[in-house]
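*Asks:* model this:
(one chain, ligands or ions: 1)
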Amino acid sequence: MKGRTDTPRDRGCLVGIIFFILGLGTLLPWNFFMTASLYFQGRLNTTEWSNGTSVVRKEYYFNNWMTLLSQLPLLLFTLLNSFLYQRISEAMRIAGSLVFILLLFVLTAALVKVPMEQDRFFDVTMATIWFINSFGAVLQGSLFGLVGLLPQKYSAVFMSGQGLAGTFAAVAMLLALASDADSESAALGYFVTPCVGTLLTLFSYLLLPRLDFAQYHLNKSSKYELGATDELLKESGAVENGKLNGHANGSASKGPAEGEGEGEPAADGTKHAFLSLEPAEPAQAKASVMEVFKKIWVMAFCVTFVFTVTLSVFPAVTVDVMTAFPGGKWERFFISVCCFLTFNINDWLGRTVTTLVRWPAKESRLFPLLVVSRVVFVPLLMLCNVQPRRSSLPVLFSHDAAFAVIMTLFSVSSGYFVCLSMSYAPQLVAQKDAETAGALMTFFLALGLSIGAALSFPLRTLV
Ligand SMILES: O=c1[nH]cnc2c1ncn2[C@@H]1O[C@H](CO)[C@@H](O)[C@H]1O
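*Replies:* Residues are numbered from 1 along each chain as shown. Sure, this is the predicted structure:
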């Protein structure tokens, strides 16, 4: 391929497959870690002592601390990454984070077999949670930045990989239940699988520089510049059905805005050397984070809002729904199937569909409107058979099937709109700022997760 002047193709969809694995690899470790929460609580709830009249257990509030110490570093480091990503090389941020996450999981797996005093075990676990999420934040922010430089469908592929991570965790949970595994063996499975997954992710990432298609988009190596324009436009989907799609910028991988000539100033006033047939111009200064935010704020709002709604009821409220058919084997599997598996499969489906369907368009007012209307799922899920109930709120949807249908719509729409918001944002800025847009959107994604998780505590008490 060396010396070619035309656009390289994603041969064998290798770059697509790698970004799918990178998506999977960013969320698999943390999803598996959370699934092991019974193991952690089991190890923390063994000491009992008597205060004379009754037996007292030390309460660690494990789930509350886990939520706090996972959300804080996620917020902090996705924000820091948006501002500072240019100061540390991308390879260092991505490969470095993966290596540290791998080491943290090796440590957590090893600790399964090491007896430890409870207070110390709690401290070590909380420190692990903090660091896994700090490195996870840098990893995600960097990868969302990177994938923003590629044609839009790669963002959808990356997010589809992320969605599959949740499905794997839900299947692992079911397997552990069905096999009657003790909590120690189950925990080992939950910690060793992410080790293998992270290694695979690291190798996939290291493969990227060897693929021409990835290099072309990620490094903008000048060797492809001349004569690449037409093919590039087709590649990016900018030329569809023989007409140009209206893009708000003139960036290379996304095609110029309607009516713009090649190499002419883009809508944002910048000129993209990449599109011109003249020799490459020196790299242009990137816009500030604030300038980028002004262009993508609608998408930033959308991703925050979707996750706020999703996390405010899932899993805190939905996990307490009871089956209408108690007493049998089904009761044991009900939550894993109707809550976790249903959510994760449909979340994944919703994300994956966006590789084919992208409606409403990124400029459409309908888009934020639909996102906001998802709020109806909050009362709908609260009116399911959540038990125990502390309020006089009636149970309107007591049947398992009703709950499953509401969960399905809730999760498909969550995956669909999150994925569209994340993949639209880099399309709204110039190519040179796509990485900043991706990194900044990751912060808003994390913000949505945090607000949602915070709201879930009062919402559960309202039922
Ligand atoms: O760190 C994260 N980055 C991106 N998405 C996440 C993260 N944590 C959770 N979710 C997403 O939140 C929903 C409910 O769990 C799922 O869609 C999951 O993929």
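*Asks:* For the ligand, what is the nearest residue in the stretch 201-350 of the chain?
*Replies:* The ligand sits closest to Asp347 of the stretch 201-350 of the chain, with a gap of 4.5 Å, by Cβ to the nearest ligand atom. Yep, even glycine has a C-beta here, placed from its N, CA and C like the rest.
*Asks:* how far out from the middle of the chain is the helix or strand that residue falls within?
*Replies:* Remark: Asp347 resides in helix 342-353, with elements defined by DSSP states H and E. How far helix 342-353 lies from its chain's middle: 12 Å, per Cα atoms, centre = their mean, to the nearest Å.
*Asks:* what's it packed up against?
*Replies:* helix 152-178, helix 400-424 (3 or more Cβ pairs under 8 Å, 6 or more residues apart in numbering; DSSP states H and E).
*Asks:* Which residue ranges of the protein form strands?
*Replies:* For the chain, the strands defined by DSSP state E cover 48-50, 55-57, 239-240, 243-244.
*Asks:* and those strands, which one is worst for confidence?
*Replies:* Mean pLDDT per stretch puts strand 243-244 lowest among the strands of the chain, at a mean of 36.
*Asks:* For the stretch 51-200 of the chain, what lies in contact range of the ligand?
*Replies:* 74, 140, 162-163, 166 (Cβ under 6 Å from any ligand atom).
*Asks:* picking that back up, what's next to the helix holding Asp347, contact-wise?
*Replies:* 156, 159-160, 162-164, 166-167, 169-170, 314-315, 318, 404, 407-408, 410-419 (Cβ atoms under 8 Å, 6 or more residues apart in numbering).
*Asks:* what's the angle from that helix to helix 400-424?
*Replies:* Helix 342-353 runs at 40 degrees relative to helix 400-424, counting by axes from the mean of the first three to the mean of the last three Cα atoms, to 10 degrees.
*Asks:* As a markdown table, the helices and strands packed on helix 342-353 with mean pLDDT and distance to Leu381 would be great.
*Replies:* What follows is those, written out as a markdown table (pLDDT from 0 to 100; distance: least, Cβ to Cβ, whole Å):
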| stretch | mean pLDDT | distance to Leu381 |
| --- | --- | --- |
| helix 152-178 | 97 | 18 |
| helix 400-424 | 98 | 6 |
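*Asks:* Could you say which one of the ones you listed comes nearest to Thr198?
*Replies:* The minimum distance between Thr198 and the helices and strands packed on helix 342-353 falls on helix 152-178, with 11.6 Å, by Cβ to Cβ.
*Asks:* Go through that closest one and flag the buried ones.
*Replies:* Residues of helix 152-178 classed as buried by neighbour count (16 or more other Cβ atoms under 10 Å): 152-170, 172-173, 176.
*Asks:* Same check on stretch 378-388?
*Replies:* Buried, per 16+ other Cβ under 10 Å, within stretch 378-388: 378, 380-386.
*Asks:* Domain parsing of this protein, as residue ranges.
*Replies:* Structurally, the chain divides into domains by automatic domain parsing as follows: 1-45+59-221, 226-279, 286-463.
*Asks:* What pLDDT is listed against Asn45?
*Replies:* The model's pLDDT for Asn45 equals 84.
*Asks:* Any idea what the nearest residue to it once chain neighbours are set aside is bridged to?
*Replies:* Among residues not flanking Asn45 along the chain, Arg57 sits closest, at 6.2 Å (Cβ to Cβ, 6 or more residues apart in numbering). In this structure, Arg57 bridges to Glu48 when assessed by DSSP bridges.
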